[in-house]
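my questions are about this predicted structure, shown below with the sequence.
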There are 2 protein chains.
Amino acid sequence: MGGDHAPAEPVAGAVLSASELDVEITLVGQEPIVRAALTAAGGDSLLASGRLSIVHADDVIAMDEHAASAARSKPNSSLVVATTIVKEGRTDAIVTAGHSGAAMAAALFTLGRIRSVERPALATYFPTIGGRCIVLDIGANADCRPTYLAQFAVMGDAFARLTLGLDQPRIGLLSNGEEESKGNQVTREAHQLLRGLGLHFVGNVEGKDIPAGIADVVVSDGFSGNVAIKMAEGMAKLCFDLVRREASRSLPTKLGGLLMRPAFRGVRKHLDYEEYGGAILLGVDGVVVVAHGRSNARAIRSAVRVAAQCAAGGIIDRIRDGIQSSLSALPRG
Amino acid sequence: MGGDHAPAEPVAGAVLSASELDVEITLVGQEPIVRAALTAAGGDSLLASGRLSIVHADDVIAMDEHAASAARSKPNSSLVVATTIVKEGRTDAIVTAGHSGAAMAAALFTLGRIRSVERPALATYFPTIGGRCIVLDIGANADCRPTYLAQFAVMGDAFARLTLGLDQPRIGLLSNGEEESKGNQVTREAHQLLRGLGLHFVGNVEGKDIPAGIADVVVSDGFSGNVAIKMAEGMAKLCFDLVRREASRSLPTKLGGLLMRPAFRGVRKHLDYEEYGGAILLGVDGVVVVAHGRSNARAIRSAVRVAAQCAAGGIIDRIRDGIQSSLSALPRG
């Protein structure tokens, strides 16, 4: 029921996922609406074959509602019901394109945190010249303590090992300079904690190092991490808008632009959020993937792919183990 | 004496500036070295005509020195001498491509702060789709209090009025969401302060809003501001690198790339730091422009242009006035 293009695109994404990925999908929402969207998306046969099912939920949490109070006061909302059936073990993961704050709140209330994780973090893939990296937190925690950042590093490490298939992910700490002495009070303390975690900590990384692929996991507070990824989005748009404007100035550049189309498509695909599957909420005791609000069917499928990979690969146990083995290195939060 | 390409490029930039702008240049540094670079840059006639002069300084502050202690312990360094002759009224502004931390320290020690400014901020121009905006702080203060951010807003407003020629610059506060409730503790408090300053405060802006040109002045702590502009730099590089890679995949796209060259040049020019004149240190009692370490002659000329404009336009008095009239709205820092 959530997202700018609900129910059509999320349901179409569910159909894509059930058809193309090795997953079973449970659609949670107002059944008549969901059923109609499913028919429109050509998913009736999936319903018949059992690859896809519907769980009715009366309520919807709207985008303008207060996250925590909506999640508390609407137990029959699609978001809370979807979280509850994960808690009950009836499904293995949630994917939503709805209210991200409410999704986090519902996850916290219903699933709870993994033991010794002080704060869950939103992690996302980010394009680099060589492939992609992981950035966390990108918005769940605007104010962080050093121990939170250390825990983000452990969770990001587990997520990178599982979904990027890396043995020793390079962990970087987002800062305003490479030198150890750079940073704000929180990152300077976090820097020292990260050194003691037994991870492959490559030190401070700057904003420009993220797209350069200097680290596989970039640890940040949710404020700066959010600023960084949104700046990247805005800058990519600016580059494309400027290229379009400059190309329109003469006939040869217009022709060049036409010939370059496949190349620009390739670039867009590399940078495209639809390929990346939104953000995953790490640190709660269940797999929760928060897709972009404007997700189309392909973006939903990418989000489902990440969710399935995390559920099948046991991300929760991996994080639990990582946090437990790092506990001795961390002061009590 | 400072910068990756010193003395050649700074001196060549000085020659460009003295030739093309309505300024007189004083080169500060080790005289024999500066004189040789000046001859190599074809600037001897400017020396003869008095458009350009040299002030000898024995010492140089190297890039790896500790900023504050170098600025204190080397009174005869080019940086400190250049600051001192501004203090003495012999020159109107400093431009340096050297150690930016040392430049700030020298400015603080020698020139001091404008009254009631708690912390100076580094401000830079940033490209937008429609032209450019100003972002501050981009690195002078990793940890900020709300009052600092309010003062940055006042200083950025004065700088935008003078150098962007705007009557009512739109002031935005960098945050992780547009809503007033978004932000970290510092920005949420700063948001309230900014409302009371009598500026054209447009509220919180996100990273993506900066290149979109939603605000003329973007106020940030030095940590997030630094992350943002460096991410932008890295992202622009990623976009260009990806275009180049994708274009190389086929003959038509290669040809397209050739035809598009003038367009790409236009985009680069729009995004290019060389056009923007580095960063200005606002809040000290003198005009101090810190050019990028890798500045070439054109970048130095841009920096000199900004410095000249600020000196001629009385930026210090404008900031002083702005700060004084905002004092009643700000709690004591």
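Received the coordinates, thanks.

switch to C-alpha atoms for all contacts and neighbour counts from now on
Will do.

how close does residue A:278 sit to chain B?
Remark: distance between residue A:278 and chain B (C-alpha to the nearest C-alpha, to the nearest Å) = 17 Å.

identify the residues contacting the residue lying closest to that residue once chain neighbours are set aside.
Sequence neighbours aside, residue A:291 is the residue nearest to residue A:278 in space, at 4.1 Å (criterion: C-alpha to C-alpha, 6 or more residues apart in numbering or on different chains). Neighbour list for residue A:291: A:95-98, A:277-279, A:299-300, A:303 [criterion: C-alpha atoms under 8 Å, 6 or more residues apart in numbering or on different chains].

mind listing what the residue most central in space within chain A touches?
With distances taken as C-alpha atoms, centre = their mean, the residue of chain A nearest its centroid is residue A:279 (0.7 Å). Taking C-alpha under 8 Å, 6+ apart as the criterion, residue A:279 is in contact with A:122-125, A:289-292, A:303.

the helices in the stretch 201-333 of chain A, which residues?
For the stretch 201-333 of chain A, the helices defined by DSSP state H, counting those that start in this stretch occupy A:209-212, A:222-247, A:251-259, A:261-271, A:297-312, A:315-326.

contact residues of the stretch 101-250 of chain A facing chain B?
The stretch 101-250 of chain A has residues A:128-129, A:139, A:142-143, A:174-176, A:183-185, A:206-212, A:222-224, A:226-236, A:238-239, A:241-243, A:246-247, A:249 near chain B, with proximity defined as C-alpha under 8 Å from any C-alpha of the partner chain.

buried subset of those?
For those, a burial check counting by 16 or more other C-alpha atoms under 10 Å in any protein chain shown picks out A:128-129, A:139, A:142-143, A:174-176, A:183-184, A:206-212, A:222-224, A:226-236, A:238-239, A:242-243, A:246-247.

would you mark the buried spots in the lowest-mean-pLDDT helix or strand in chain A?
Ranked by mean pLDDT, DSSP states H and E, the weakest helix or strand in chain A is helix A:67-73, scoring a mean of 89. For helix A:67-73, burial by neighbour count (16+ other C-alpha under 10 Å) applies to A:67-68, A:70-71.

now these in JSON lines, with distance to chain B?
Listed next are these as JSON lines, based on distance: C-alpha to the nearest C-alpha, whole Å:
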{"residue": "A:67", "distance to chain B": "12"}
{"residue": "A:68", "distance to chain B": "14"}
{"residue": "A:70", "distance to chain B": "16"}
{"residue": "A:71", "distance to chain B": "18"}
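
just these now: which is nearest residue B:41?
Comparing the buried residues of helix A:67-73 against residue B:41 with C-alpha to C-alpha places residue A:67 closest, at 62.8 Å.

leaving out chain neighbours, which residue sits closest to the closest one?
Nearest to residue A:67 is residue A:102, by C-alpha to C-alpha, 6+ apart, at 4.1 Å.

count of neighbours near residue A:193?
Residue A:193 is flanked by 18 other residues according to other C-alpha atoms under 10 Å in any protein chain shown.

contacts only, for it.
Contacts of residue A:193 by C-alpha under 8 Å, 6+ apart are A:146-147, A:150, A:329-330.

just flag the most distant two among the residues you listed.
Counting by C-alpha to C-alpha, the most remote pair of the contacts of residue A:193 is A:146 and A:329, 12.3 Å apart.

what about those two, which has more around it?
residue A:146 (22 against 16).

pretty sure the more buried one sits against residue A:190.
Yes. With contacts counted by C-alpha atoms under 8 Å, residue A:146 reaches residue A:190, the gap being 4.4 Å.

closest one to residue B:257 among the helices of the stretch 201-333 of chain A?
Across the helices of the stretch 201-333 of chain A, closest to residue B:257 is helix A:251-259 (C-alpha to C-alpha), at 6.2 Å.

ok, and what's touching the closest one?
Where contact means C-alpha under 8 Å, 6+ apart, the residues beyond helix A:251-259 that reach it are A:246-248, B:252-253, B:255-263.

same question for stretch A:220-233.
A:121, A:126, A:135-144, A:149, A:173-174, A:207, B:174-176, B:183-184, B:206-211, B:223-224, B:227-228, B:231-232, B:235.

residue ranges with poor pLDDT in the stretch 201-333 of chain A?
A:273-275, A:332-333 (pLDDT under 70).

so how far is chain B from the residue nearest to residue A:278?
In terms of C-alpha to the nearest C-alpha, residue A:291 sits 17 Å off from chain B.

cool, and residue A:214?
11 Å.

quick one: contacts for that residue?
Applying C-alpha under 8 Å, 6+ apart to residue A:214 gives the contacts A:170, A:172, A:205.

now, among those, which is nearest to residue A:162?
Taking C-alpha to C-alpha as the measure, residue A:162 lies nearest residue A:170 of these, at 13.8 Å.

so how far is residue B:261 from that closest one?
37 Å (C-alpha to C-alpha, to the nearest Å).

who has more neighbours out of those two?
residue A:170 (20 against 16).

ok, the more buried one - contacts?
Each residue near residue A:170 by C-alpha under 8 Å, 6+ apart is listed here: A:199-202, A:214-217.

farthest pair in those residues?
A:199 and A:214 (15.4 Å).

where's residue A:139, which helix or strand?
Of the helices and strands defined by DSSP states H and E, none includes residue A:139.

excluding its backbone neighbours, what's nearest it?
With C-alpha to C-alpha, 6+ apart, the residue lying closest to residue A:139 is residue A:222, at 4.0 Å.

residues in contact with stretch A:140-150?
Under the contact criterion C-alpha under 8 Å, 6+ apart, stretch A:140-150 has outside partners A:101, A:104, A:117-122, A:186-187, A:189-190, A:193-194, A:197, A:219-224, A:330-331, A:333, B:176, B:183-185.

in strands, which of those appear?
Using DSSP state E, the subset of the contacts of stretch A:140-150 located in strands is A:121-122, A:219.

nearest to residue B:284, of these?
Closest to residue B:284 out of the ones in strands among the contacts of stretch A:140-150 is residue A:219 (33.8 Å), distances taken as C-alpha to C-alpha.

is residue A:26 within a helix or a strand, and which one?
Using DSSP H and E, residue A:26 sits in strand A:25-29.

convert that strand to CSV, retaining C-alpha atoms only.
Provided in CSV are the C-alpha atoms of strand A:25-29 (Å, rounded to 0.1, in the frame of the first residue of the first chain):
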residue,chain,number,x,y,z
ILE,A,25,5.5,-13.2,-2.0
THR,A,26,2.9,-12.3,0.5
LEU,A,27,1.2,-9.0,-0.4
VAL,A,28,-0.1,-7.2,2.7
GLY,A,29,-2.8,-4.6,2.2
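
next secondary structure after it?
helix A:31-40.

what angle do the helix or strand that the least confident helix or strand of chain A is followed by and strand A:25-29 make?
Under the assignment DSSP H and E, the closest C-terminal helix or strand after helix A:67-73 is helix A:78-87. If you take axes from the mean of the first three to the mean of the last three C-alpha atoms, to 10 degrees, helix A:78-87 sits at 140 degrees to strand A:25-29.

pLDDT value on the residue of the stretch 1-150 of chain A at minimum distance from chain B, please?
Of all residues in the stretch 1-150 of chain A, the one sitting closest to chain B is residue A:142 (4.8 Å; C-alpha to the nearest C-alpha). Here the pLDDT value assigned to residue A:142 is 95.
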